[in-house]
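fold the stuff below for me.
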Amino acid sequence: MSHTNSLANKKTLTKELEHSFVSQLEENQNIVHKICRLYTNNSDAHNDLFQEITIQLWRAYPKFRGDSKFSTWMYRVALNTAITLYRKSKRKVQTQDYEGISFKISSEEYDNTVEEQLKLMYSAVKKLNDIDKALVFLYLENKNYREISETLGITEVNARVKMNRIKEKLRTILNP
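Numbering: from 1, shown residues only. Alright, predicted model coming up:
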């Protein structure tokens, strides 16, 4: 009888864990989508990376102790997964860039200046190395240097110095 109770308790704990994970993931899924956008060039690659990040998050979730916010932990796992897969996929497969697809809505008063500036910025950020991309991403997500340092596993001072150097790199890329 105690074996049956133990099994029932495990099933209940598993369901609670699963429910908690799904709830947190749904709440914070935009983080994963933004990371996928940064490290992929098309919707198929985006979906594949999203799926892989979700799997890695699920595998790591039982070890999440709550020492940091779920979103901070999620950033770290998602960025590590994206960087690892990105480095593995250096054997470039021909893909359609997002930039090649026109999202412009035909309208006389439509001004695509912001859209063009975003495309240029994404293009410049994609030229950075993996860690610099992650740092820029977190910076653009309005994370403070303490959160950035926690997520990337570097000191706050290092995060600030790296960000200043990255800004200079981006200026050079955007204004040669």
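
residue ranges of each domain in this structure, please.
If you go by automatic domain parsing, the domain ranges for the chain are 1-97, 110-176.

which parts of this structure are strands?
With DSSP state E as the criterion, the chain has no strands.

so how far is residue 82 from the residue most central in space within it?
Among the residues of the chain, the one closest to the centroid is residue 35, at 2.5 Å (CA atoms, centre = their mean). Residue 35 is 5 Å from residue 82, where distance means CB to CB, to the nearest Å. For the C-beta atoms, the positions are set from N, CA and C on the backbone; glycine is no exception.

overlap of the contact sets of these two?
49, 53 (CB atoms under 8 Å, 6 or more residues apart in numbering).

hmm, who's touching stretch 159-167?
Against stretch 159-167 from outside (CB under 8 Å, 6+ apart): 128, 131-132, 135-136, 139, 145, 148-149, 152, 154.

repeat that with 7 Å
128, 132, 135-136, 139, 145, 148-149, 152 (CB atoms under 7 Å, 6 or more residues apart in numbering).

hang on, the earlier thing: now the domains of the chain in a markdown table, with mean pLDDT?
Below are those laid out as a markdown table (pLDDT from 0 to 100):
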| stretch | mean pLDDT |
| --- | --- |
| domain 1-97 | 79 |
| domain 110-176 | 87 |
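
out of the contacts of stretch 159-167, who's the most crowded?
For the contacts of stretch 159-167, the largest number of neighbours (other CB atoms under 10 Å) sits with residue 135, at 26 neighbours.

was I right to think that one contacts residue 149?
No - assessed by CB atoms under 7 Å, residue 135 is found out of contact with residue 149, at 9.9 Å.

give the burial count for residue 49, as a bare number.
24.

quick check: closest non-adjacent residue to it.
residue 36 (4.6 Å; CB to CB, 6 or more residues apart in numbering).

what's around the one you found, how many residues?
21.
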